[in-house]
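>>> I'd like to go over a predicted model; first the sequence, then the structure.
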Amino acid sequence: MSRAGDRRALQDLLGAEHAVVYGYGVAGARLSGAARDRAERAWTAHRARRDQLVAMIAERGGSPVPPAASYGLPFRVRTEREARSLVTVLEERLAASWADAVAAVTGDLRTFAANGLTGAAVAAARWRGGSVPFPGLPERQAGSADGP
């Protein structure tokens, strides 16, 4: 992939990480105890990944996309259960973004993207309480028993 293509893929990931950082902030306000601690650790990890993406884009001559002031959420978050559902959805969506990047880049960036996909899939499984086939590839999940 070209340098510009790598930057595009990294920019897409950065945008996804911005949204996840925002969403964890919303969810964290409704969580308590161990769930809140886990969400705070995840929020910190996503901020670090976001900062890493900013640096990678800049190193490749790009101008990192800034975060939006706010992001649309898939549903209102009023309870702890809804907060857990939100972070599950966020991690699932993030896994899809990382899966797209795995397909779009090569070399060390592909390894980086595969690690991001793994991290998001594991986080989603922990929040959900179980895994799904083909994390990050929702079109494969529904028909996984039948094959592609």
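In hand now; what should we look at?

>>> from residue 45, how far off is the most centrally placed residue in the chain?
Residue closest to the mean C-alpha point of the chain, counted by C-alpha atoms, centre = their mean, is residue 94 at 2.6 Å. Residue 94 sits 11 Å away from residue 45, going by C-beta to C-beta, to the nearest Å. Quick note: C-beta positions are derived from backbone N, CA and C, even for glycine.

>>> buried set for the strand or helix carrying the residue nearest to the centre of the chain?
Assessed by DSSP states H and E, residue 94 sits inside helix 80-104. Buried residues in helix 80-104, counted by 16 or more other C-beta atoms under 10 Å: 83-102, 104.

>>> what are the buried residues along stretch 103-116?
For stretch 103-116, by 16+ other C-beta under 10 Å, it's 104-105, 109-110, 112-113, 116.

>>> average pLDDT across it?
For stretch 103-116, the mean pLDDT works out to 94.

>>> save the buried residues of stretch 103-116 as a markdown table, and put in distance to residue 74 and secondary structure too.
Putting these into a markdown table (distance: C-beta to C-beta, whole Å; DSSP: H, G, I helix; E, B strand; the rest coil) gives the following:
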| residue | distance to residue 74 | secondary structure |
| --- | --- | --- |
| 104 | 25 | helix |
| 105 | 27 | coil |
| 109 | 29 | helix |
| 110 | 29 | helix |
| 112 | 27 | helix |
| 113 | 24 | helix |
| 116 | 21 | helix |
